[in-house]
Each structure stands twice: as C-alpha cells, then as structure tokens.
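K.L.:
Just to be clear, the model below is a prediction. Sequence and coordinates:
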Amino acid sequence: MNKKHKSISYAKWGYIFIIPFFVVYIIFSLIPTLSTFYYSFFNKGFDPVSFEEYEKFVGFDNYVKLLSFEGGTNRFFSYFGNTMIMWVLGAVPQLLFSLLLAVIFTSARLRIKGQRFFKTVIYMPNLIMAASYALLFIGLFSDVGPINVLIKAISGDTFRFLADPWGARGVIAFVNFIMWFGNTTILLMAGIMGIDQSLFEAAQIDGASGMQVFTKITLPLLMPILVYVAITSLIGGLQMFDVPQIMRVSDTPTQDTTTMIMWLNNLITGASRQYGMGGAMSVLIFAVTGGLSFLVFKTMVTSPDKVKSKKKAK
C-alpha cells in the first residue's frame, strides 16, 4: 500500500514576509496620498485672525486658481519653468560628464588603475548635506568671494552671480551637478561592467574603433540604466527645494529661482496655511512628474517593433 506524502507549500511565507512593507506603505504613503487628493477639492486652511481652521468643499476651484493667469502671468507655469531650467542646466552636463567618466574608468583599453579610489572620491560629494554645499557656494560666488576676486583680477570688474537671474540659476544648477554626478557615474559604471566583456573583445578583434564600440555596443546595452538615471534625475529635479531655498540671499531674484516645491511649502506653511491649495498643487506636481517621466521613457526606449520597421525601411 502506497503512502500518500503530504506536500508542503512555502509560498505563504513569502506573503507573510512582505506584509510589513505593505503595512508601512499603506499607512505612510497610500493614505497620505489619497488624503492629499481628497483635500485638494476643499478650501481648507487656517484663519490667522480668529485662529480657527476652516474647511469648505469647492470642487475644482483650487486647480482653476493655480492654472489661471492673473495680469498675463501664472505662477505655476512660471515656477515650473524655473524648476525645469535649473534641472536641465544641471542634469544634462551631469549625465554627459558622468557617462564620459564611466566609459573612461571601465575601458579595457585604458586599464586605469585604482578604480576603487576613484569611485570613493567621485561619490564623496553625494555624502555631504545640500545645506553645506549651498552655504559654501554662497561664499564662493558672493560679491566679495574668491570667484569674483579672480574675475576682478583678470577683467578688472566683478559679476554679481547671486543678484542676476541666470547667474543665480546657474550657480544652483552647478551645485546640483557637483552633488549628484558621482552617484550617476557609479550607476553608469555598474551598468557598463554588467555588459558581457566578450562583446567588447569581439569588437576589438574585428577592428572596431572606440566610437563604434561605444555607439553600437555600450550605449544600446546601457540604455536601461540611462533611462533609470534620467527619470530619477527628473523626479529629483522637480522636487528641488533645499539648495535654491538656502541660497536665497538679500539680492537674489526670488521670482526667478523659486521652484514648485518652494511655492508648495509657502502655501502650507504661511500664515493662512492653505492646505487645499497645497493639496491641489501636490496633485499637479504628481501629474507633471508622471507625464514627463512617461515622455522621457517613450523617447529613450526603442521597442523591438520600431527597430524592425527601421530595418525594413532601409
């Protein structure tokens, strides 16, 4: 008589182990997100005169106010433009410079020694707080700072970086570039080292040039990491707050360096504490972030069908 062996399933333990994640996510992320969306339809705030909170359902009025033009200008689009300008000025050079460093340090032809040392040095700026960087660069680019001292010694005149709209934006973008290029370089180096080295060896045997290896092998196989870096950089750029907030000095053109998150902070921390407007602003930032991230993804990722159609066209 054959004995029936009872099979043991361990699948339930996987679900048990991930329960803490879902509990934390629901409490600290999902519920606040849904409540933000809910309160965006209310005129909710604080009356600084009576010291009482008020709440009234207004529908889409908060969104209309945020997107409406007053006197030919709209603060949402203006601050969105400031944010994108400072992000592009910092992110595009950062991505190009990090890609160049990653290719150089992982090149089998150059065989640069001491890669661990260079990785450590490159990543170190990412460990320093943004506030420290902001204060440091305020001193460097101030009217009497070392940069202006050098400019005056060369040209006989000075440039007020922090008082000029584009100068202030450029300094903020440069601070973000210095802070994050090391992290981007490490990610790209990891992506290149994950590529099968036999492909590079075969290309070298076939006599391919360095540019051909980069454009035909490295760049296409590195595209998933590049997409990840571009999207995370975009999300971080749209959430830019600490550096431009700290770098506001007496002569800084505030309207030209104010970001969307800075305006959101002003809405919910001001005397009136406009939580409803802040909720609507948060929803708009979420929508803009999702839309731009999708656009970046569709722009950088090439589907197999597109590749086949291109080959057929040729």
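P.N.:
Looks like it came in fine.
K.L.:
so Trp44 sits right up against Ile268, yeah?
P.N.:
If you look again at residue 44, you'll see it is Lys, not Trp. No: Lys44 is beyond contact range of Ile268, at 10.2 Å (criterion: CB atoms under 8 Å). Every residue, glycine included, has its C-beta placed from N, CA and C.
K.L.:
Compare neighbour counts for these two and give me the winner.
P.N.:
Each of Lys44 and Ile268 has its neighbours counted (other CB atoms under 10 Å); Lys44 has more, 22 against 18.
K.L.:
Please name the residues that touch the more buried one.
P.N.:
Residues counted as contacts of Lys44 (CB atoms under 8 Å, 6 or more residues apart in numbering) are Glu53, Tyr54, Glu55, Lys56, Gln274, Tyr275, Gly276, Gly279.
K.L.:
let's see 7 Å
P.N.:
Applying CB atoms under 7 Å, 6 or more residues apart in numbering, we find Lys44 in contact with Glu55, Tyr275, Gly276.
K.L.:
how close does the last one sit to Phe21?
P.N.:
Using CB to CB, to the nearest Å, we find Gly276 at a distance of 31 Å from Phe21.
K.L.:
Equivalent analysis for the first one, please.
P.N.:
Separation of Glu55 from Phe21 (CB to CB) stands at 33 Å.
K.L.:
who has more neighbours, those two?
P.N.:
Using other CB under 10 Å as the criterion, Glu55 and Phe21 rank with Glu55 on top: 12 against 9.
K.L.:
Distance check, the closest residue to that one other than its chain neighbours against Thr269.
P.N.:
Of all residues not flanking Glu55 in the chain, Lys44 sits nearest, at 4.6 Å (CB to CB, 6 or more residues apart in numbering). As judged by CB to CB, Lys44 and Thr269 stand 14 Å apart.
K.L.:
so of the contacts of Lys44, which ones are in strands?
P.N.:
Taking DSSP state E, every one of those sits outside strands.
K.L.:
for those, which one is nearest Val249?
P.N.:
Distance to Val249 across the contacts of Lys44 (CB to CB) is lowest for Tyr275, with 30.0 Å.
K.L.:
my guess is the closest one meets Thr269, correct?
P.N.:
No: counting by CB atoms under 7 Å, Tyr275 stays clear of Thr269, with 10.4 Å between them.
K.L.:
before we move on, back to that, if I look at Lys44 and Ile268, which residues touch both of them?
P.N.:
Tyr275.
K.L.:
List the contacts of Tyr123.
P.N.:
Counting by CB under 7 Å, 6+ apart, Tyr123 makes contact with Gly182, Asn183, Ile186.
K.L.:
Now whichever strand or helix holds Thr120: buried residues?
P.N.:
Per DSSP states H and E: Thr120 is located in helix 115-123. Residues of helix 115-123 classed as buried by neighbour count (16 or more other CB atoms under 10 Å): Phe118, Lys119, Ile122.
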